[in-house]
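Participant: Sequence and predicted structure are below.
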Amino acid sequence: MEEQKLPSTGVVIGLGIASILLCWCYGVLGLILATVAIIIAGNSKKLYDQNPENYSNYGSLKTGKIIAIIGLVLNILILLFFIWAISKVGWDVIQSGDEELIRERMEELFN
């Protein structure tokens, strides 16, 4: 039988890259994309494990999964940072939109 490419490898790579690029969206959107990429990669790996001789691009799938894991870690770190910043500055101060007050609270944190 002729070797074929694993389905969804491009999707896994694309979602992994998108999760890294979108990690600055408070970590939430990128977290979702990275999780979806890892799940799809797991499903494709199961397909590969059933008949490894039928598929030729397993290396690309592993690369996409690694990119998605990097995106997942970055998004978790960004999300934790924003949670920390909100807890230290205060949600009411952030909601007020008073830039001077926010700047003052941030300076108190780092001095």
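Facilitator: Received the coordinates, thanks.
Participant: From here on, just use CA atoms for contacts and neighbour counts.
Facilitator: OK.
Participant: quick one: low-confidence ranges for this structure?
Facilitator: For the chain, the stretches with pLDDT under 70 are 1.
Participant: all strands for it, in order.
Facilitator: Here the chain has no strands by DSSP state E.
Participant: Could you tell me which helix of it is the longest one?
Facilitator: Secondary structure of the chain read by DSSP state H shows that its longest helix is helix 58-89.
Participant: Residue 88: neighbouring residues, count only.
Facilitator: As a burial measure, residue 88 scores 13 neighbours (other C-alpha atoms under 10 Å).
Participant: Can you give me the buried ones in the longest helix of the chain?
Facilitator: Buried residues in helix 58-89, counted by 16 or more other C-alpha atoms under 10 Å: 58, 60-76, 78-79, 89.
Participant: Check stretch 11-29 too.
Facilitator: Result for stretch 11-29 [16+ other C-alpha under 10 Å]: buried residues 11-20, 22-23, 26-29.
Participant: so which two of the residues you listed are the farthest from each other?
Facilitator: Greatest spacing in those, by C-alpha to C-alpha: 11 and 26 (22.8 Å).
Participant: Excluding residues flanking it in the chain, which one is nearest residue 88?
Facilitator: Computed as C-alpha to C-alpha, 6 or more residues apart in numbering, the closest residue to residue 88 that is not its neighbour in sequence is residue 109, at 7.7 Å.
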